[in-house]
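Undergrad: make a model of this:
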Amino acid sequence: MINIDDMMEKIRRHPSYNRVGMVLFHCGVVRSTSRDGKTVEELILDVDRRRMETILAEMRRSPGIVEILAEIREGKLIPGEDIMLVAVAGDIRENVFPVLMETVNRIKGEATSKSEVHSGSRVEK
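TA: Predicted coordinates:
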């Protein structure tokens, strides 16, 4: 189960936490409708964990960033369920906001594949 409190506690234990001025979270939730308006019955998600860890390591080297953590649920999920939690801890918002967006976009684009089930039909995304 994805837990924002557990993730925040891991960040607080980071040896360089004293450099953190903000922690920004993205909590992705399975939508009940697809981008094209179709009703989603379930989402099937696969994650390339090795690729995700590579992305996180690369993004941690961004200026001002202290830590980046991510958790993603795999398998069959239904609308309303949490699917992804990403936390970026860093010095100032000008550094943290863009890194969060890039990290989420890269994970979704490079490390995950998903299928949506619409009224019995499966659509690969």
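
Undergrad: can you list the residues that contact stretch 32-41?
TA: Val30, Arg31, Ile78, Pro79, Gly80, Glu116, Val117, His118, Ser119, Gly120, Val123 (Cβ atoms under 8 Å, 6 or more residues apart in numbering). (C-beta placed from N, C-alpha, C; glycine too.)

Undergrad: quick one: the strands in this structure?
TA: For the chain, applying DSSP state E gives strands covering 22-29, 42-47, 65-72, 75-77, 82-90, 112-118, 121-124.

Undergrad: how about those in CSV, adding mean pLDDT and mean neighbour count?
TA: Converted to CSV, the strands of the chain look like this (pLDDT from 0 to 100; neighbours: other Cβ atoms under 10 Å):
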stretch, mean pLDDT, mean neighbour count
strand 22-29, 97, 15
strand 42-47, 96, 17
strand 65-72, 98, 21
strand 75-77, 96, 14
strand 82-90, 98, 23
strand 112-118, 92, 16
strand 121-124, 63, 10
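
Undergrad: list the contacts of stretch 1-8.
TA: Outside stretch 1-8, the residues within contact range by Cβ under 8 Å, 6+ apart are Val23, Phe25, Cys27, Leu69, Glu71, Arg73, Asp82, Met84, Leu85, Ala87.
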